[in-house]
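Engineer: kindly generate the corresponding structure for this input.
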Amino acid sequence: MSSDTFYIKEGSHFKLWVSLKNKISFEAELMEQGIPYHIDDNQSTLGSDIRYFLPDDYREKIDAIIMDIGIPASTDTITMHDIADSRKVQKLYLVAVLAVVLLLVIIAIFDINS
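Structural biologist: Below you'll find the predicted structure:
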């Protein structure tokens, strides 16, 4: 839906960043509601977010979609991070730290016995 919706970038619009993992559900809901959108084809593929250009006329509908589905989205000025992903990283970090500490304790016990 990028080539035939370029007119959105030229009109009154706002930009919304949506995580790649939420792309399908977000676009399905936009299509179901009949909301036109344009995806930035020239954006960097290094990030995991997709930039959408959306008409200002549909701002309230899009806000309702985001709230109903529970998609973390952000604008260019207000960034939002997925808290669930942050907790997963924190849990992984905690497990790694505990593993290192446990390994050091085991090494210290065997070193004392030797």
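
Engineer: C-alpha from now on. contacts and neighbour counts both.
Structural biologist: Will do.

Engineer: where do the helices of the chain begin and end?
Structural biologist: Along the chain, the segments classed as helices by DSSP state H run 7-10, 23-33, 59-69, 83-113.

Engineer: what distance do you get for Asp111 to Glu10?
Structural biologist: To Glu10, Asp111 is 70 Å away according to CA to CA, to the nearest Å.

Engineer: coming back round to it: ranking the helices of the chain by mean pLDDT, which is last?
Structural biologist: Among the helices of the chain, helix 7-10 carries the lowest mean pLDDT, a mean of 73.

Engineer: helices or strands next to that one in the packing?
Structural biologist: Judged by 3 or more CA pairs under 8 Å, 6 or more residues apart in numbering; DSSP states H and E, helix 7-10 is in contact with strand 49-55.

Engineer: now the angle between helix 59-69 and the strand it packs on, please.
Structural biologist: Calculated by axes from the mean of the first three to the mean of the last three CA atoms, to 10 degrees, strand 49-55 forms an angle of 140 degrees with helix 59-69.

Engineer: just the CA trace of strand 49-55, in PDB.
Structural biologist: This file holds the C-alpha atoms of strand 49-55, laid out as PDB (Å, rounded to 0.1, in the frame of the first residue of the first chain):
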ATOM      1  CA  ASP A  49      10.200  -0.300  13.900                       C
ATOM      2  CA  ILE A  50       8.200   0.700  10.800                       C
ATOM      3  CA  ARG A  51       7.300   4.300  10.100                       C
ATOM      4  CA  TYR A  52       3.700   4.900   8.900                       C
ATOM      5  CA  PHE A  53       2.400   8.100   7.400                       C
ATOM      6  CA  LEU A  54      -1.300   8.400   8.400                       C
ATOM      7  CA  PRO A  55      -3.800  11.200   7.600                       C
END
